[in-house]
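Colleague: Build me a model from this:
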Amino acid sequence: MTQCTTSPALETPPGIQVDNLGLRFGDKPIFEGLNFTIAGGTFAALLGVSGTGKTSLLQIIAGLIPPSAGSVSGSDGASLAGRIAWMGQKDLLYPWLTIADNIALGARLRGQPVDSPWAEHLLERVGLAGYGQAMPATLSGGMRQRAAIARTLYERKPIVLMDEPFSALDAITRTAIQDLAAELLSGNTVLLITHDTMEACRLSNHLLVLSRWPGGLDDSHLISGNTPRAPDDPILLKTQATLMLQLMGAQ
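Modeller: Next comes the predicted model:
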């Protein structure tokens with residue numbers, strides 16, 4: 001296996017604290033008065049019907065757009081700036097860069113030296129050893145998603161935000177990449193947007209359900225047990241049924 005500079009241990013990864021958060025587009029309220037905490041080192045999923053503002057909420061947490069009211073911080077009281085890695089709905093690999101260059105893109109944009117051993121180690125961990133010099137167009141959709149995971153992990157950030165990153169994959173590939181993400185993101189604080197109730201219940205310790213304004217957010221769903229859960233896990237099946245009924249009632 002490639003020798004590498006290992007990722008630093010996350011002894012106490014920060015959680016996410018959201019206080020009285022609101023967002024308006026002009027006169028239209030998207031959400032307001034949102035209050036919730038995601039404990040450090042846990043995997044949380046954010047769900048809700050279309051149009052509730054899930055992506056906007058994630059973007060506010062990431063510092064990409066400002067809220068109209070309220071604040072976001074780490075559970076330690078400090079700013080989240082510089083402590084977040086982002087993984088979007090699509091793999092967003094640059095087609096003119098090799099996979100290795102895509103993985104280390106953040107360092108290149110910041111003018112930092114590339115940690116090639118760390119990038120090679122991540123390629124091995126996501127099952128892409130030997131593909132560092134390949135171009136994105138030569139990879140399957142599942143391979144590109146694995147490369148995007150490696151790029152996210154390359155940043156060595158304690159908080160990872162993901163916006164429907166597996167939605168374009170077939171069921172079998174999606175399950176395999178869920179397993180990989182659960183393994184490699186263990187110890188991080190993770191918030192995932194998904195419309196897939198099975199995915200949410202397989203991967204998460206905490207479920208957040210956002211309703212259309214003025215419905216607010218339900219953060220009461222806590223799921224015990226280790227992740228990723230088997231598809232026939234009784235806890236998963238019970239939680240998924242409850243979650244589906246709640247989402248259907250919000251239509």
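Colleague: Next up, the contacts around the closest residue in space to Phe43 that isn't next to it in sequence.
Modeller: Residue nearest to Phe43 in three dimensions, not counting chain neighbours: Val190, with 4.5 Å by Cβ to Cβ, 6 or more residues apart in numbering. In short, each C-beta sits where N, CA and C put it, glycine included. Residues near Val190 by Cβ atoms under 8 Å, 6 or more residues apart in numbering: 42-44, 159-162.
Colleague: A strand includes Val190, no?
Modeller: Yes - note on Val190: a strand contains this position according to DSSP: H, G, I helix; E, B strand; the rest coil.
Colleague: Tell me how far it lies from Ala85.
Modeller: Relative to Ala85, Val190 is positioned 10 Å away (Cβ to Cβ, to the nearest Å).
Colleague: Give me the common contacts of the two.
Modeller: Shared contacts of Val190 and Ala85, counting by Cβ under 8 Å, 6+ apart, come down to 159-161.
Colleague: List just the nearest of those residues to Ser186.
Modeller: Set against Ser186, the nearest of these by Cβ to Cβ is Val160 (11.1 Å).
Colleague: okay, now that closest one: neighbour count?
Modeller: Neighbour count of Val160, defined by other Cβ atoms under 10 Å: 23.
Colleague: re earlier: could you dump the contacts of Val190 into CSV with secondary structure and distance to Thr227 added?
Modeller: Converted to CSV, those look like this (DSSP: H, G, I helix; E, B strand; the rest coil; distance: Cβ to Cβ, whole Å):
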residue, secondary structure, distance to Thr227
Thr42, coil, 10
Phe43, strand, 6
Ala44, strand, 11
Ile159, strand, 17
Val160, strand, 14
Leu161, strand, 18
Met162, strand, 14
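Colleague: ok, the residues you listed vs Gln246, which is closest?
Modeller: Ala44 (16.1 Å).
Colleague: Model confidence for that closest one, exactly?
Modeller: Note for Ala44: predicted pLDDT of 97.
Colleague: for the one 5 residues further on, same thing?
Modeller: pLDDT recorded at Val49 is 89.
Colleague: Just say helix, strand or coil for Ala137.
Modeller: helix.
Colleague: Neighbours of it, how many?
Modeller: Neighbours of Ala137 under the rule other Cβ under 10 Å: 9.
Colleague: Show the contacting residues for it.
Modeller: Residues in contact with Ala137 (Cβ under 8 Å, 6+ apart) are Pro95.
Colleague: Looking at it now. What's its pLDDT?
Modeller: 96.
Colleague: and what of Thr5?
Modeller: As predicted, Thr5 sits at a pLDDT of 47.
Colleague: now swap in Ile172 and tell me
Modeller: Note on Ile172: pLDDT of 86.
Colleague: on that earlier part again, so what's the residue nearest to Phe43 bridging to?
Modeller: Note on Val190: beta-bridge partners Phe43, Val160, judged by DSSP bridges.
Colleague: Do a quick rundown of the helices in the protein.
Modeller: 54-62, 99-103, 105-109, 116-125, 141-154, 171-184, 197-203, 234-249 (DSSP state H).
Colleague: export these to TSV and tack on mean neighbour count and distance to Pro228?
Modeller: Listed next are the helices of the chain as TSV, based on neighbours: other Cβ atoms under 10 Å; distance: least, Cβ to Cβ, whole Å:
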stretch	mean neighbour count	distance to Pro228
helix 54-62	20	21
helix 99-103	23	23
helix 105-109	14	27
helix 116-125	20	16
helix 141-154	23	14
helix 171-184	17	4
helix 197-203	24	5
helix 234-249	15	9
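Colleague: Listing request: residues of the stretch 101-250 of the chain with sub-threshold pLDDT.
Modeller: 250 (pLDDT under 70).
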